[in-house]
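Chemist: Below: sequence and its predicted model.
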Amino acid sequence: MSKLNETDIQGFVLRGYNLPFARHLFLHFEDSARARKFIFELLDQITTGQRWDHGKPESTLNIAFTHRGLVALDLPTATLLSFPVEFQEGMKRRAEILGDTGASDPTKWDELWQKDGIHSWLGISAVSPEALDARSAQLQSLMSETNGATLLGSQDAASLFFDGKPCNKEHFGFTDGFGNPDYLGVDRDSQPGQGKLMPDGTWQRLATGELLLGYADEAGELPPAPVPHLLASNGTFMVYRKLHQNVATFRAYLDSQAANYGGGKEKLAAKFIGRWRDGTPLELSPDQPDQSIVMDPARSTNFTYANDPSGTRCPIGAHVRRVHPRDAFGFNGKLIDRRRITRRGLPYGKAALENEPITDSDERGVIFIALNASLVRQFEFIQQQWINYGNDAHQGNDKDILMGNHGGKGRFVVQGDTNLANPPLVCSHLPNFVELRGGDYFFLPSITALGMIGMDLVDPR
Amino acid sequence: MSNINGKVYAMNCVTPMKPWKTPILRLIFFLLWHIKSKQQDLINLSFIEFARWVIVPKTQFPYLGNRQHKEQLQYDYLLFFSNFNGTWNQYIDAFSAVLSTGLNLIWRWSEKFPGAVPITPFKTYIAQVQFDTDYYYTAYPYATANDLKAAHIVQASLDQLSQRVDTDNPDQFAEHYLQFVLQVQAHLGVTGAAPLC
Amino acid sequence: MPNQNGKLYGLTFLAPIIDDQKATPSHDLQIRAYLATLPTDQNSPFAKAPSTHLCRLVVMDDVVFVGHPAHEEHLKSKYLIFETNCDSDATDYLTGLAKTIPQQLDAIWSHCVGYPGAANLSEFLSYMKACQLKTTFFFAAVNDKSLPESLRALATQRAVVDFIADHQGMDPGRLQSEFKQFLAELKACPIPEPGAMAPLRNIKTGGRNE
C-alpha cells in the first residue's frame, strides 16, 4: 500500500500525544464566510502527524466538525448529503440505538450538549496548565479578530495525578490505554494483540481503511466515502462522549459483592474488566497482578481466549473481552476485524484516593473519544451489540458491567471453578456506573480538506 | 408489516438461474447436506435460527387451473428464506467475512451475482433481490439461537440435578449443586427485547 | 429428507393469487391489508395453532430483473408464500391449522386460486399439497427440540439464574430444601405463551432496520 502522508493527516488521528492536559473547545459559526476565514487562519497551527524530531511541543491543536457545522460552513448540498446517515443525524438522534436512555438520556445531558449549536471541536493537548491556557487565549483572540466563531463551552480533561505525578489510571482505579489497534502505514510500534489475528496465531496490522477514509479496508475494497474524494481522504470520524462516572456507587458495589467472593476484592475488580487494576491481563495471569507482563509490550496485549472458553480465567462478559473479543467468536478472529476503534481521551475531574469520602455527583468521569472510518459499523456496533447487549458473547441481554445502561436491573456472571479462590459469582441489581452527559459525532478532516473548506473550494462534482 | 419480530429478522430473496446450472446447484446442496462438516461453519455462526433454499424450476410454479395463466419463464428461480438474529448489516458482514466460499458456491449460479467479497457490491445485489415480509411470527421473540441453545443446556443440567435432590444428603447436594452451577455458568444471560435498530 | 432437519420441518407453500381486474382493491392488496392488521404476538393465529416455531407470509409480486445481460421476464401471477418452521410434517401441521384457525386461513387464502376453504379437511390438504414446494436445503440451529420443550427451557433458564443469584453462599441444608421447593414451583408453572415477548421492561419492537 502507499505510504501515508503524515503532513496531511491530523496528528490526533495517528498518535496519542501522551500529553497530560487537554481542553476541548466547542464552537458555533454565525456566518459561513467569516467561519471559513477563521479556519483558513488556523490552518498552519493544526498539529499534523509529522514526527516530533525536536521534542514534544508545548501544546497541540486539532479540529473537527459536526454535520451541522459543515452545513453552517455552507458546503455544497450534494457533499453534505453524501456523508453517512448516522453522522448527519448526530449522536443525540441515535440515542435509542446506542442505549443512551434512562440516566443517559439526552434530557439529562449538560446544557451545552442539549442545545444543538455545536458546529466544531477544537482539541488542545498541552504539557502544562499554563501552556493550555496560553493556547486557549490565543485561539480566543483569533476567534474575536476574525469574528469567525463563538465559544459555546469547553471541557478540561487531564491525567489523574497521584503524589503530583500523572498516571494511566482512570477514576475506578483501573489502568487504561491498552489495546489501540495497529494499522498499515501508521508509524507506531506494533504490539502482538493489537492488530488482527491471523490463522497461524500471529498478529498483523489492520487495513488502513479501518481508520482513515480513502484507503482499502478489511472488506477488500475502497469503502464508499463522502464526495469529493479529496474532502474525505485522510480524514476520519470521531466520537466524543462525556461519560460521568459514579465512583461512589462503584466502590460501594465492589465492596458489597467482594464480601461474597472467595477471591477477594481486587480479583473481583479484575473479573469485571478482564485486567487487574494495574493492567495485567487475567488471561495471562489469573491469580495475581504481574507488572512484568504490563511493562513488556510483547506480552501486555498478547493473548487470546482459545484456552478459556468457559470464562474461568477471564469472564465471558468481562469488559475487555466484550469490546475486543479477539478469537472468542471462532473463525480465527475474522469476525471482529471490522469492529475495532482507536481511543483517545483522558479522565476529567479530580482524582479521589481510595478511602476519600466522595459522592456520585462529584464531577468525575472520562472524556471518551473514538476514531473510526465508519461510525455505524465500528463504534455504534460495539456500543449497541457488545456494550448494551450480549448475544454475540452468548450472554443474552446482559450488558457490559462497566458501561452498560443497567438501570439497577443489570446482571454479570463471573464464571469460576472448584478452586475456592476462583468461585462462580452472580452479581445482580447492577446500577449505572457510567452515565452519558453529552457528546456528538465529528468529522476530522485532512489538512488538504481543511484548506478546501477554508478557501470555499469544495466541489462535489 | 415488518421484516423484524423481536430478535429475529426474516429475509426473502429470489434470484434467476439459467436452467442448465440448476442441477449443479442441486448437487452442491446434496453434498452440503451429506457432508456434515461443511455445515459446521454455518452452525458456528450461531445467529441463524432457521434458513432454507428452495429451487423453483421454471415449469414448477404451482398451477391450479381456474383461469390462472400458466407461467412461461426462461429462468429457474432460487428462493432463499432466512431467520437470523442481529441486524441486516451484521448478518451480511459476517457471511462475507467468513463464509464467502460457501456463499459463492450457492449463488454463483444466479445471474449477475457479484461474489460475496468485496462487501459493497454484494450488499447492493442482496438489496436488489430481497423482497419484504408481510407477516412474521415467532413463538420466542425474546430469544436468539444462542439463547435457545443456552436454555436447553440449563434445562438438561437442571434435570440431572433434580435426580439428586431426594437422595443426596446436604453436603453431597451442595457438591452436586456446585457442579451444576459450573455447568450452566456460561449460559445464564437474561433474555428480553432486542436492541433498537 | 430436505423438508426435515432432525425433528424440525421446513415447509414451503406457494399459492397463486387470484388475478381479477374487476376486484378493487386487487386480491394481493387485500391479503396485504389483512396481514397488516393480524397480530404477530401471543394473539397471533399461529400462537393458537400448535407446533409453529417461526413462520412468515409474503406476497411475492414478481421475480426480480437483475439487469443486462440477464433477460427481463415477469410472473403472470402473484404468489402468496407461506414459509413455516414447525414440529410436524405437512399433513399433521396443516390439519392442526385447519382445526384451530380456519377463519384466519380462509381470510387469507380465499384470495388464492382454487382455495376450497378449511372446512373440508381433505380438500384443504389436497389444495395445500398442490401448492407445496420441495424445500431443497433446510437448516435449523436447534433441530432436536419441540416448541413446548423450547418454551419450557427458556422459562427454566430465566428462573435458574434468579435462583442461583438468590442462593449464593447459602448453607447446604437450606439450599437443598429451597431447591426442592424451586423444582416444585417450576413444575407447576405453565409453559410460557408462544409469541409473547417476555415481560422485562418497556419494549421497542422492530422498526426499519439499518
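Modeler: Nice, thanks for sending it over.

Chemist: Can you check the pLDDT for residue 43?
Modeler: In the absence of a named chain, this looks at chain A. The per-residue pLDDT reported for residue A:43 equals 96.

Chemist: wrong one, chain C
Modeler: Residue C:43 is given a pLDDT of 96.

Chemist: how near is the closest residue to it other than its chain neighbours to residue B:36?
Modeler: Spatial nearest neighbour of residue C:43, chain neighbours left out: residue C:195 (7.3 Å); criterion: CB to CB, 6 or more residues apart in numbering or on different chains. Just so you know, the C-beta spots here come from the backbone N, C-alpha and C atoms, and that holds for glycine as well. From residue C:195 over to residue B:36 the distance is 32 Å, taken as CB to CB, to the nearest Å.

Chemist: cool, residue A:262 as well?
Modeler: Counting by CB to CB, the gap from residue A:262 to residue B:36 is 42 Å.

Chemist: Same question for residue A:182.
Modeler: 38 Å.

Chemist: what does residue B:192 give?
Modeler: Relative to residue B:36, and taking CB to CB, residue B:192 is found at 33 Å.

Chemist: So which of the two has more stuff around it?
Modeler: residue B:192 (22 against 9; other CB atoms under 10 Å in any protein chain shown).

Chemist: Spatially, and excluding backbone neighbours, which residue is closest to the residue nearest the centre of chain B.
Modeler: Residue closest to the mean C-alpha point of chain B, counted by CA atoms, centre = their mean, is residue B:48 at 3.1 Å. Nearest non-adjacent residue to residue B:48, counting by CB to CB, 6+ apart: residue B:84, 4.9 Å away.

Chemist: how many neighbours does that neighbour have?
Modeler: Around residue B:84 there are 25 residues (other CB under 10 Å).

Chemist: pLDDT weak spots in chain B?
Modeler: Scanning chain B for pLDDT under 70 picks out B:1.

Chemist: wouldn't residue A:407 be in contact with residue A:102 here?
Modeler: Yes: under the criterion of CB atoms under 8 Å, residue A:407 is in contact with residue A:102, at a separation of 5.0 Å.

Chemist: Give me the common contacts of those two.
Modeler: Shared contacts of residue A:407 and residue A:102, defined by CB atoms under 8 Å, 6 or more residues apart in numbering or on different chains, comprise residue A:432.

Chemist: What count of nearby residues applies to the closest residue to residue A:455 other than its chain neighbours?
Modeler: The shortest distance from residue A:455 to any non-neighbouring residue, by CB to CB, 6+ apart, is to residue A:40 (6.3 Å). Using other CB under 10 Å, residue A:40 has 17 neighbouring residues.

Chemist: Skip the chain neighbours and tell me the closest residue to residue A:158.
Modeler: Closest to residue A:158 by CB to CB, 6+ apart is residue A:21, at 4.9 Å.

Chemist: What's the local residue count around the one you found?
Modeler: Burial of residue A:21 is recorded as 21 neighbouring residues (other CB under 10 Å).

Chemist: Repeat that for the one 3 residues further on.
Modeler: Here the count is done by other CB under 10 Å, and residue A:24 has 21 residues near it.

Chemist: Bridged to it, which residues?
Modeler: Beta-bridge partners of residue A:24, counted by DSSP bridges, are residue A:123, residue A:155.

Chemist: My guess is it contacts residue A:158. True?
Modeler: No: applying CB under 8 Å, one finds residue A:24 not in contact with residue A:158, separated by 11.7 Å.

Chemist: these two touch, right, residue C:117 and residue C:124?
Modeler: Yes: using CB under 8 Å, residue C:117 is in contact with residue C:124, at 6.9 Å.

Chemist: Now do the helices in chain C.
Modeler: Secondary structure of chain C by DSSP state H: the helices cover C:27-37, C:45-48, C:90-100, C:102-109, C:121-131, C:147-166, C:172-188.

Chemist: swap that for chain B, sorry
Modeler: B:22-34, B:40-45, B:88-98, B:100-107, B:119-129, B:145-162, B:170-184.

Chemist: Neighbours of whatever residue of chain C ends up closest to chain A, how many?
Modeler: Minimum separation of chain C from chain A (CB to the nearest CB) falls at residue C:165, amounting to 4.2 Å. Neighbour count of residue C:165, defined by other CB under 10 Å: 16.

Chemist: Give me the secondary structure label for residue A:138.
Modeler: With DSSP: H, G, I helix; E, B strand; the rest coil as the basis, residue A:138 sits in helix.

Chemist: That one: neighbour count?
Modeler: 14.

Chemist: ok, now residue C:75?
Modeler: 18.

Chemist: List the residues that contact it.
Modeler: Residue C:75 neighbours (CB under 8 Å, 6+ apart): B:61, B:71, B:73, C:60, C:62-63.

Chemist: Any chance of the backbone angles for the nearest residue to residue A:378 once chain neighbours are set aside?
Modeler: Nearest residue to residue A:378, sequence neighbours excluded (CB to CB, 6+ apart): residue A:372, at 3.8 Å. With angles defined as degrees, to the nearest 10, residue A:372 sits at phi -160, psi 160.

Chemist: How about residue A:412?
Modeler: Per degrees, to the nearest 10, the backbone of residue A:412 is at phi -140, psi 130.

Chemist: what do you get for residue A:280?
Modeler: With angles defined as degrees, to the nearest 10, residue A:280 sits at phi -60, psi 130.

Chemist: my read: it touches residue A:291, true?
Modeler: Yes: if you go by CB under 8 Å, residue A:280 and residue A:291 touch, sitting 7.2 Å apart.

Chemist: Quick one: name the residues of chain B near chain A.
Modeler: Neighbours of chain A within chain B, by CB under 8 Å from any CB of the partner chain: B:7, B:41, B:44, B:46-47, B:85-86, B:89-90, B:93-94, B:96-98, B:117-120, B:144, B:146-147, B:150, B:178, B:181-182, B:185-193, B:195-197.

Chemist: Buried ones among those?
Modeler: B:7, B:46-47, B:85-86, B:89-90, B:93-94, B:96-98, B:117-119, B:144, B:146-147, B:150, B:181-182, B:185-193, B:195-197 (16 or more other CB atoms under 10 Å in any protein chain shown).
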